[in-house]
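Novice: sequence plus the predicted model coming up.
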Amino acid sequence: MGRSYADLPLHYGHVPKWLYERMSLLGGAITEAIVMEYGKAAFIQRMSDPAWFQSLGCVLGMDWHSSGITTSVIGSLKQVVNTKSKELGIYICGGKGKHSRATPKELLSIAEATGLDGNMLVRNSKLSAKVDNTAVQDGYQIYLHSFILSDEGDWAVIQQGMNDDNGYARRYHWHSPTIVSFTEEPHSFIYGRNQGSILNLTDKSARPTKSKVLDITKENPDTILKEAQKIFMPAHHDVRSYNVNLKRLGAALAVAHEQEHLNIENLLLQEGVGPRTLQSLVLVSEVIHGTPSRFSDPARYSFAHGGKDGHPFPVPTKTYDETIAVMENAIKKAKLGVIDKNIAIKKLHVAAKRLEKDFVPNDNFDQLIQKERVQSWKYGGKTVFGDAQPPRGINTTNQLKLFE
């Protein structure tokens, strides 16, 4: 993929401090785990994949379908990753508004520290912004630009535009190894919905038009982008069964409740990690170790830590903290040469895939969500509206299962 995009409903408001801090900690741990296991280039590639990026935002507890995932995930990752850039070899620049405009200065500073070509990096950053804002005139005005790079020179660009007329944002993704030309189909993905004819000077069929435009303007841009595969997120806030691959979700939940039968090391259980936290860790494991085809239903990852708007259920902060503790402990031990716990976390994903082959989901999806909401208060459930409260007149010990 060179460049790609996604369409997301516009959401306003802010991310509460209690969630943002956790997003930074878990996002940082996931980043470290990927770099340690698969390398810097693999992390850059994942950031250029819109479905993976959306899944990451969901597992971090953001609203599963909203435009706010982009700003919040980039911001929380930048806060933690850049404090470890020398160790990780990963840098995150830019952001929303004034942070976007600071990208060239940040890139030049990184180039000075790493020996990379700063002028070329700045040029790539500016060209990608020009392409998405000008060469592809699809009604979206860019307001967020983030440049993610490694000290080896690989980079990804994530930028987002707003369309005030339809109430949607469009997120554009770029991946440097796949770009042959900035002016001809450079995107890895554009995350969004088709809404009729647009001006796309990066399409191969636009070569004659580009030639005439260049003759008139006497400009000579190097490359532009293509309208590639699109991902469209619906406007409804609630997570519905058709938003999720129920077979995959069921397998993940089964691992959490049947771990004694799945030959998973007891390293996680020795710390008192129960089924609810294991459910989150299975989904975190897949974000780290899963292949691209696993992220076609990002909503599934909201079953790790819920969403700040209460969909599919309030964020279980106690479970979230246990997930962070397990991940940070695994990374700490790996740095000391003790990798057993990292292997155990990886096996969660492997076990879920193995169970998935023979799994037959039932129709208890709504009951699963209801159960999570009813029991949310036990796990420190929070939303932007306040803390989850024990329900009245409901048996909170009810153990409804999604899959029998």
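Specialist: Nice, I can see it.

Novice: buried set for the strand or helix carrying residue 119?
Specialist: Assigned by DSSP states H and E, residue 119 belongs to helix 118-130. Buried positions in helix 118-130, judged by neighbour count with 16 or more other C-beta atoms under 10 Å: 118, 121-122, 124-125, 127-130. Placement of C-beta: from N, CA and C, glycine included.

Novice: what helices and strands are in contact with it?
Specialist: Under the contact criterion of 3 or more C-beta pairs under 8 Å, 6 or more residues apart in numbering; DSSP states H and E, helix 118-130 touches helix 103-114, strand 141-150, strand 155-163.

Novice: would you map the strands across the stretch 251-400 of the chain?
Specialist: Read by DSSP state E, counting those that start in this stretch, the stretch 251-400 of the chain holds these strands, from start to end of the chain: 315-316, 381-383, 386-387.

Novice: buried deepest among the ones you listed, which one?
Specialist: strand 315-316 (a mean of 28; mean count of other C-beta atoms under 10 Å).

Novice: returning to that earlier point: and of the helices and strands packed on helix 118-130, who's closest to residue 36?
Specialist: Closest to residue 36 of those is strand 141-150 (C-beta to C-beta; 13.8 Å).

Novice: output the below-cut-off pLDDT ranges for the stretch 301-404 of the chain.
Specialist: Filtered on pLDDT under 70, the stretch 301-404 of the chain yields the residue ranges 393-404.

Novice: rewinding a little: what about the helix holding residue 119, average pLDDT?
Specialist: When pLDDT is averaged along helix 118-130, the result is 91.

Novice: same question for stretch 20-30.
Specialist: Per-residue scores along stretch 20-30 average to 98.

Novice: same question for it: list its buried residues.
Specialist: In stretch 20-30, counting by 16+ other C-beta under 10 Å, buried: 20, 22-30.

Novice: where do the helices of the stretch 201-350 of the chain begin and end?
Specialist: 207-217, 246-257, 275-289, 302-305, 317-335, 340-356 (DSSP state H, counting those that start in this stretch).

Novice: now the strands of the stretch 251-400 of the chain in TSV, with distance to residue 90?
Specialist: As requested, the strands of the stretch 251-400 of the chain are exported to TSV (distance: least, C-beta to C-beta, whole Å):
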stretch	distance to residue 90
strand 315-316	26
strand 381-383	30
strand 386-387	35
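
Novice: what's the following helix or strand after the longest helix along the chain?
Specialist: Once the chain is assigned using DSSP state H, the helix that runs over the most residues is helix 17-38. Next helix or strand after helix 17-38 toward the C-terminus (DSSP H and E): helix 40-47.

Novice: now the very next helix or strand once past that next one: buried residues?
Specialist: Later in the chain than helix 40-47, the nearest helix or strand by DSSP H and E is helix 50-59. Of all the residues in helix 50-59, those buried under the rule 16+ other C-beta under 10 Å are 50-59.

Novice: try stretch 151-163
Specialist: By 16+ other C-beta under 10 Å, the buried positions in stretch 151-163 come out as 151, 153-163.

Novice: still on that earlier bit, indicate which one of the strands of the stretch 251-400 of the chain is closest to residue 324.
Specialist: That would be strand 315-316 among the strands of the stretch 251-400 of the chain, by C-beta to C-beta, at 12.2 Å.

Novice: check which helices and strands the closest one sits against.
Specialist: For strand 315-316, the packing partners by 3+ C-beta pairs under 8 Å, 6+ apart come out as strand 381-383.

Novice: got the angle between the helix holding residue 119 and strand 141-150?
Specialist: Relative orientation of helix 118-130 versus strand 141-150 (axes from the mean of the first three to the mean of the last three C-alpha atoms, to 10 degrees): 150 degrees.

Novice: just the angle between helix 118-130 and strand 155-163, please?
Specialist: Going by the same axes, to 10 degrees, helix 118-130 makes 30 degrees with strand 155-163.

Novice: alpha carbons of helix 118-130, as PDB, please.
Specialist: C-alpha atoms of helix 118-130 as PDB (Å, rounded to 0.1, in the frame of the first residue of the first chain):
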ATOM      1  CA  GLY A 118      16.200  16.600   7.100                       C
ATOM      2  CA  ASN A 119      15.400  18.600   4.000                       C
ATOM      3  CA  MET A 120      14.000  15.500   2.200                       C
ATOM      4  CA  LEU A 121      11.900  14.600   5.200                       C
ATOM      5  CA  VAL A 122      10.400  18.100   5.300                       C
ATOM      6  CA  ARG A 123       9.800  18.000   1.600                       C
ATOM      7  CA  ASN A 124       8.000  14.600   2.000                       C
ATOM      8  CA  SER A 125       5.900  16.000   4.800                       C
ATOM      9  CA  LYS A 126       4.800  19.100   2.800                       C
ATOM     10  CA  LEU A 127       4.200  17.100  -0.400                       C
ATOM     11  CA  SER A 128       1.900  14.600   1.400                       C
ATOM     12  CA  ALA A 129      -0.100  17.500   2.900                       C
ATOM     13  CA  LYS A 130      -0.400  19.300  -0.500                       C
END
